[in-house]
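>>> Could you look at this predicted model? Sequence included:
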Amino acid sequence: MNIPPLPVGSWFETLINWLTDHLEVFFDGIGTMVTAILDATEFILMFPHPLVLILIFTTLAWFAAKHGVAIFTLLGMLLIYNMGYWPATMETLSLVLASVLIALLLGVPLGIWSAKKPVVEKVMRPILDFMQTLPAFVYLIPAVLFFKLGPVPGVIATLIFSLPPAVRLTSLGIRQVPEEIREAAISFGSNPRQLLFKAELPVALPTIMAGVNQTIMLALSMVVISGMIGAGGLGNEVLKGITQLKIDVGFEAGISIVILAIFLDRVTQRLGRKSNNN
Amino acid sequence: MNIIEVRGLYKVFGKEPARVFPLLEQGLDKTSVLKKTGCAVGINNASFEISKGEIFVLMGLSGSGKSTVIRCLNRLINPTRGEILIDGQDIAKMDKSALLEVRRSKLSMVFQHFGLLPNRSVVRNVEYGLEVAGTNAEQRRERAINALELVGLKGYEQSLPNELSGGMQQRVGLARALASDPEVLLMDEAFSALDPLIRTQMQDELLELQARMHKTIVFITHDLDEALKLGDRIAIMKDGEIVQTGTPEEILTAPADDYVKRFVENVDRSKVITAGSVMRKARTIQLPKDGPRVAIRAMEKQGISSIFAIDSERRLQGLMRIDDAIKLERRGKSDLSSVLETDLYVASPETPIGELLVSAMNARYPITIQDDEGRLMGLLDRAIIIAEMYDEDEEASVTPLDEVLAEADDAAPETKEELI
Ligand SMILES: Nc1ncnc2c1ncn2[C@@H]1O[C@H](COP(=O)(O)OP(=O)(O)OP(=O)(O)O)[C@@H](O)[C@H]1O
Ligand SMILES: [Mg+2]
């Protein structure tokens, strides 16, 4: 009656070791690509003077969202700058942008594919469900194992965590295109590519944009958690607040995250709605 | 000339269409086939021809296969078996690029719920077909604007579809279908989503457009009044089969079976039945050769008090009353033309009888039916009109136009005595 504990942990370790040994080139390749993208987003956000960027963000909010959002953006970002969290905030934003960029490059085509092929949809759904139910920080483990510490595993964990809504809502948006619109597009002589790009994607765009919005928000939350593996940015500051019991640092970093979150949310939400009536 | 010819068309939905054909040949119906094989029969051996410039209406109950048929014509649905010749080419056998070409140039479709792209402006919706066909931007804009003008939507080019009313949205749908100047318009319940007033208006406008453009139109509807108003010919479908094809009059006056009869029952007959189809033979005398004596004898023999006078070409001269004829005879005169009643109500054979009712009520004499050249074809009185409008079983007494004409021709050489 005495069943010895199964060595599940060591099996997993063996698997990971095998993967890291044999697929090193593969993971290195991915790491290099992610680093390149990250360098680009960082450069764009770190290079201009903070006040210039604040003005650009405010203008963006002014045209994309309500004017109140623009005023909030201006004041909020000035506060971040004033508190001295601007570099950390931009570092966080660049991590978010890099992850979201990759997540969308993967997620949108996957979504289209699964909308077109019921089989793909069937396979994808449980995987996406699984990905979404897993606690966020569990993603950090394989990321660290394959990519060590730093911003690269942070981006990898983030993009995996934020991928599901991009896939799901793209697929949903396309499946929701009314049958008559599809029939109209075909009956007027669209080939499959024209059907997708001239009819289905434009009609699905509001839904896809809702997915983009969710992806961005999930990415932001995950980027903060990635502070635990040294991804940098505001996550690091929050971690400092927790581990060193620096209440002021934790609080100020927290406020910066909230301001950034509201800005990102409102602007992308509005963009989605605008693409709806355009 | 037939622009569309459909022969032995079948569409079977389901995994094993091959199993279905032997069963259909044994005469099994749709429901038993579905039970046995799990396959739904959408179209069961449909054959029909549509000639150029015709409005061909498909009617039938829900699920009878109308939409499936119209979608086979442009292969939104692939037929399981059969031939669909469009301008002599079998669309069922076409490869992809030929099919695209036909869709872009020859066939276009109008949808029940319009099927417009909500993100595109009206003019960009209308351009769609030309855009995918690769027409250059300038040219397609010009043609789209022309098409919009044709349907009365000038000035709405930049609006979005959801800013327009249903009727206007369907005009956009119609403009989009006309923009590529196709030969055939496929319209699947195109006016069914519109409210009744707008619907009638759209029907009138379609007829007006058709009078100018002479397209071939395949039109699906549930509504018999609409079918009768628009259709040059009507095909009635039941369970995937075409049970009758014919002109509106043929469908109304000689329904092929009880299913068709049920369709016809509720129609507003006063709008559909034409004077020509129910008129009675007119008794006539021929001028100038017939005199009062012939006229009187004719009226006495028929037991009537007046008779129509025609010339040798059957052109109506007037109505002769028996008392006038007697007076003339007493005075020994032979020229009837001086006493003819010429104030008669005249209608063409195409006039719906409903339009004639009021005149028939007020007129002292029967309504005369004349063709374009003024030849007398028959007569109608209020009794006939009322009987036709309200008593549907009176069909036995209906004298179709052809018969009247045939008899008239037979009688022509000897009209004088032969009192028609
Ligand atoms: N994709 C499909 N799969 C299975 N069966 C179908 C499919 N499309 C149509 N059918 C069946 O084919 C038959 C004909 O359908 P169709 O849509 O052509 O009818 P309809 O005459 O246009 O009806 P309605 O007036 O309701 O539009 C129906 O019995 C329907 O259930
Ligand atoms: Mg239908």
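All right, it came through fine. Ligands and ions are numbered 1, 2, ... in the order given.
>>> And the contacts of the helix or strand of chain A with the lowest mean pLDDT?
Ranked by mean pLDDT, DSSP states H and E, the weakest helix or strand in chain A is helix A:140-147, scoring a mean of 80. By CB atoms under 8 Å, 6 or more residues apart in numbering or on different chains, the surrounding residues in contact with helix A:140-147 are A:16, A:19-20, A:27, A:30-31, A:153-154, A:156-157, A:160, A:225-226, A:228-229. Yep, even glycine has a C-beta here, placed from its N, CA and C like the rest.
>>> in that helix, what's buried?
Using 16 or more other CB atoms under 10 Å in any protein chain shown as the test for burial, helix A:140-147 gives A:140, A:143, A:144, A:145, A:146, A:147.
>>> Between the contacts of helix A:140-147, which sits nearest residue A:91?
The nearest member of the contacts of helix A:140-147 to residue A:91, counting by CB to CB, is residue A:154 at 10.3 Å.
>>> ok, and the closest non-adjacent residue to that closest one?
residue A:231 (2.8 Å; CB to CB, 6 or more residues apart in numbering or on different chains).
>>> Please name the residues that touch residue A:48.
Neighbours of residue A:48 in contact, by CB under 8 Å, 6+ apart: residue A:56.
>>> And the pLDDT for it?
pLDDT for residue A:48: 88.
>>> my guess is residue B:170 contacts residue B:192, does it?
No - here residue B:170 does not reach residue B:192: they are 10.1 Å apart, not a contact under CB atoms under 8 Å.
>>> Which one of those two is surrounded by more residues?
Between residue B:170 and residue B:192, counting by other CB atoms under 10 Å in any protein chain shown, residue B:170 is the more crowded of the two (26 against 14).
>>> In the stretch 1-150 of chain A, what residue comes closest to chain B?
Nearest to chain B in the stretch 1-150 of chain A, going by CB to the nearest CB, is residue A:118, at a distance of 15.1 Å.
>>> so when I look at residue B:309, I'm seeing a strand, right?
Yes - according to DSSP: H, G, I helix; E, B strand; the rest coil, residue B:309 belongs to a strand.
>>> Check what pLDDT it gets.
88.
>>> Also residue B:409?
Residue B:409 is given a pLDDT of 46.
>>> repeat for residue B:123
Residue B:123 is assigned 96 on the pLDDT scale.
>>> Give the burial count for residue B:25, as a bare number.
Neighbourhood size, residue B:25 [other CB under 10 Å]: 9.
>>> The one 5 residues further on too?
Neighbours of residue B:30 under the rule other CB under 10 Å: 21.
>>> For it, give its distance to residue B:37.
Note on residue B:30: its distance to residue B:37, by CB to CB, to the nearest Å, is 11 Å.
>>> Also residue B:103?
32 Å.
>>> quick one, which of these two is more surrounded?
Taking other CB under 10 Å, residue B:103 and residue B:37 do not tie; residue B:103 has more neighbours (26 against 19).
>>> Return the member of the contacts of helix A:140-147 nearest to ligand 1.
Distance to ligand 1, by CB to the nearest ligand atom, is smallest for residue A:160 among the contacts of helix A:140-147, at 37.8 Å.
>>> Where does that closest one fall, secondary structure wise?
Counting by DSSP states H and E, the element that carries residue A:160 is helix A:151-175.
>>> Packing partners of that helix?
Under the contact definition 3 or more CB pairs under 8 Å, 6 or more residues apart in numbering or on different chains; DSSP states H and E, helix A:151-175 sits against helix A:24-46, helix A:86-116, helix A:118-133, helix A:140-147, helix A:201-225.
>>> What is the burial count for residue 53?
Looking at chain A here, since you left the chain open. 19.
>>> that's the wrong chain, I meant chain B
The burial count for residue B:53: 15, using other CB under 10 Å.
>>> what residues go with each domain of chain B?
B:52-273, B:276-389 (automatic domain parsing).
>>> Render the CA-only coordinates of stretch B:183-194 in CSV, please.
These are the backbone C-alpha positions of stretch B:183-194, laid out as CSV (Å, rounded to 0.1, in the frame of the first residue of the first chain):
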residue,chain,number,x,y,z
GLU,B,183,-26.0,40.9,-67.7
VAL,B,184,-27.8,39.1,-64.9
LEU,B,185,-29.0,40.4,-61.5
LEU,B,186,-29.6,37.8,-58.8
MET,B,187,-32.0,39.1,-56.1
ASP,B,188,-32.6,36.9,-53.1
GLU,B,189,-35.6,38.4,-51.3
ALA,B,190,-34.1,41.8,-52.0
PHE,B,191,-37.1,43.7,-50.8
SER,B,192,-38.3,41.4,-48.0
ALA,B,193,-36.6,43.3,-45.2
LEU,B,194,-38.2,46.6,-46.2
